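# Could you look at this predicted model? Sequence included:
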Amino acid sequence: MASFFDLKARKAALANGAATKETEKKDGENTRVQPWVEKYRPKTLSDVTAQDHTITVLQRTLQASNLPHMLFYGPPGTGKTSTILALAKELYGPELMKSRVLELNASDERGISIVREKVKDFARMQLTNVSSAAYKARYPCPPFKIIILDEADSMTQDAQSALRRTMETYSKITRFCLICNYVTRIIDPLASRCSKFRFKSLDQGNAKKRLEEIAEKEKVGLDEGAVEGLINCAEGDLRKAITYLQSAARLVGAVQQPGGGDDGEDGMDVDKKTVSVKIVQDIAGVIPDETIQRLVKAMRPTTLGGNYTPIAKEVEDMVADGWSAGQVVTQLYQAVVYDETIEDAQKNKILLVFSEIDKRLVDGADEHLSILDLALRISGILGGR
Ligand SMILES: Nc1ncnc2c1ncn2[C@@H]1O[C@H](COP(=O)(O)OP(=O)(O)OP(=O)(O)O)[C@@H](O)[C@H]1O
């Protein structure tokens, strides 16, 4: 017969088991509702795709546990933030991450006062020690901290200037990693204190591989051409491509809702739902080719009087359908540049008009008027006016 203590131990074990199962279930649900860009953010340097040169150099510095100040620059969604976070994790491990890494981005106030106070305070703070030898054996834990300044190109010039001294004074115990999209907005004296790493737009091959991996893990089917469609719409920005993929999967019902009934053991539907090119284009707000071609046709020279009325009608329809002016400019640009019936001399003039309208839109001009002006001016150039 089981003793009182046996029974008590068994009861406790059962309760523990239930608690563990409950936690596992909660973790599972959390990852399922997480945006995929976060769920599939590279966890180690080797998870970062398509930035081979940068990653090789960083892996060497990781082995030597010695980092220079760094400047990561390149287009959005190419892995800059993920790379420095993965590097920091590999250097310090989970226990030291909080005390050794300070991450500031544009949503934090980053005028000169922040550089003087927060950054300086963290830079000069003494290092905390690592408790166990086993932890030290697992992670290099070099004797310096890292300050990550994301979106550094939006820092004021004064704040950037103030950073120069801080970088030098505390360089023994602190390294800086500046991240930006536009390297020309970083003042020269700051850029020259850093090793520069350029992140390039993701090429078709690498982006395709990553998207297919994610689709497979999430059990989302992809029709022929869907991945290429995602990559084209995202223009080399992997974050955008992954977000489009998740939205498309949700639209076709291929994303399992947390807690929803599912047939598979892993919590996913057994039937694969597939994402098509059409769905991807809808999600990305791509204007159908026919619509753009109708506008191009209306812009061509005609013997039947002026083009104003047909152009105005096409533009009005586009605005009524809710297409964004930015998207019209992008697609019209592609249509005109690759149109072999338009002479090079005319294309030169047309490109000037595109750049002017693009600037106007960035400055906040009225979308309807801007597209109308663009179309009429292109039409004028095509008609030799
Ligand atoms: N090179 C890459 N390898 C693997 N995943 C990537 C890569 N680039 C981007 N991603 C995916 O896109 C997401 C966003 O990447 P990340 O934040 O590193 O981009 P970023 O270059 O810092 O962009 P931004 O300039 O807009 O801050 C990541 O969570 C990851 O899922």
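Okay, I see it. What you see is a predicted model; the values in this text were computed from it and never measured.

# For the one helix or strand Gln334 maps to, enumerate the helices and strands it packs against.
Using DSSP states H and E, Gln334 sits in helix 325-337. With contacts defined as 3 or more Cβ pairs under 8 Å, 6 or more residues apart in numbering; DSSP states H and E, the packing partners of helix 325-337 are helix 289-299, helix 344-362, helix 367-382. For every residue, glycine as well, the C-beta is placed using N, CA and C.

# do that again at 10 Å, thanks
helix 289-299, helix 308-320, helix 344-362, helix 367-382 (3 or more Cβ pairs under 10 Å, 6 or more residues apart in numbering; DSSP states H and E).

# List just the one of these that sits closest to the ligand.
Closest of the helices and strands packed on helix 325-337 to the ligand is helix 344-362, at 17.6 Å (criterion: Cβ to the nearest ligand atom).

# Same question for that closest one: list its buried residues.
Under the neighbour-count criterion of 16 or more other Cβ atoms under 10 Å, helix 344-362 has 346, 350, 353-354, 357-358, 360-361 buried.

# Then stretch 166-184?
Neighbour count says stretch 166-184 has 166-167, 170, 174-181, 183 buried, by 16+ other Cβ under 10 Å.

# can you tell which of the helices and strands packed on helix 325-337 is closest to Asp47?
Counting by Cβ to Cβ, Asp47 lies closest to helix 344-362 out of the helices and strands packed on helix 325-337; the figure is 34.6 Å.

# Around Ile311, count how many other residues there are.
21 (other Cβ atoms under 10 Å).

# what's near enough to touch it?
Each residue near Ile311 by Cβ atoms under 10 Å, 6 or more residues apart in numbering is listed here: 295, 297-299, 371-372, 374-376, 378-379.

# Filter those residues down to the buried ones and hand me the PyMOL line.
In PyMOL, a selection of the buried entries from those looks like this (16+ other Cβ under 10 Å):
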select buried, resi 295+298+299+371+372+374+375+376+378+379
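
# Redo the contacts of Ile311 as JSON lines? Include distance to the ligand and pLDDT.
Shown next, in JSON lines, are those (distance: Cβ to the nearest ligand atom, whole Å; pLDDT from 0 to 100):
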{"residue": "Leu295", "distance to the ligand": "32", "pLDDT": "92"}
{"residue": "Lys297", "distance to the ligand": "38", "pLDDT": "91"}
{"residue": "Ala298", "distance to the ligand": "37", "pLDDT": "90"}
{"residue": "Met299", "distance to the ligand": "35", "pLDDT": "90"}
{"residue": "Ile371", "distance to the ligand": "28", "pLDDT": "94"}
{"residue": "Leu372", "distance to the ligand": "33", "pLDDT": "94"}
{"residue": "Leu374", "distance to the ligand": "28", "pLDDT": "95"}
{"residue": "Ala375", "distance to the ligand": "32", "pLDDT": "94"}
{"residue": "Leu376", "distance to the ligand": "36", "pLDDT": "93"}
{"residue": "Ile378", "distance to the ligand": "32", "pLDDT": "93"}
{"residue": "Ser379", "distance to the ligand": "37", "pLDDT": "91"}
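
# How about Tyr139, nearest residue that isn't a chain neighbour?
What sits nearest to Tyr139 in space, not counting adjacent residues and going by Cβ to Cβ, 6 or more residues apart in numbering, is Gly93, at 3.8 Å.

# To clarify, my last question referred to Leu372.
For Leu372, ignoring the flanking residues on the chain, the nearest one in space by Cβ to Cβ, 6+ apart is Val315 at 4.8 Å.

# Can you spell out the domain ranges of the chain, please?
The chain breaks down into these domains under the TED database: 36-198, 204-255+274-284, 289-383.

# just the ones you listed: most buried one?
domain 204-255+274-284 (a mean of 19; mean count of other Cβ atoms under 10 Å).

# Between the two ends of it, how far is it?
Domain 204-255+274-284 has its terminal residues 18 Å apart, counting by Cα to Cα, to the nearest Å.

# again with stretch 176-189
Terminal residues of stretch 176-189 lie 14 Å apart, using Cα to Cα.

# what about that stretch and the ligand, touching?
Yes: using Cβ under 6 Å from any ligand atom, stretch 176-189 reaches the ligand at Asn181.

# quick one: that stretch to chain centroid distance?
18 Å (Cα atoms, centre = their mean, to the nearest Å).

# Confirm Ile146 sits in a strand?
Yes: assessed by DSSP: H, G, I helix; E, B strand; the rest coil, Ile146 belongs to a strand.

# Is it correct that it is in contact with Thr174?
Yes: with contacts counted by Cβ atoms under 10 Å, Ile146 reaches Thr174, the gap being 7.5 Å.

# Which neighbours do those two have in common?
With Cβ under 10 Å, 6+ apart as the test, Ile146 and Thr174 both reach 69, 100, 102, 122.

# mind listing what the second one touches?
What that stands for is Arg100. Shown in contact with Arg100 (Cβ under 10 Å, 6+ apart): 88, 91-93, 122, 125, 127-128, 130, 141-147, 174.

# for the first one, same thing?
Going by Cβ under 10 Å, 6+ apart, His69 touches 146-147, 167-168, 171, 174-178, 190, 193-195.

# Phi first, then psi, for it.
In this entry, His69 is assigned phi and psi values of phi -70, psi 150 (degrees, to the nearest 10).

# tally of neighbours for Arg385?
Arg385: 8 neighbours (other Cβ under 10 Å).

# Lys200 versus that one, what's the distance?
41 Å (Cβ to Cβ, to the nearest Å).

# Then Leu178?
Counting by Cβ to Cβ, the separation of Leu178 from Lys200 is 18 Å.

# Next one: the closest residue to Gly253 other than its chain neighbours from Val220, what distance?
Using Cβ to Cβ, 6+ apart and skipping the chain neighbours, the partner closest in space to Gly253 is Lys273 (5.4 Å). Distance, Lys273 to Val220, by Cβ to Cβ: 7 Å.
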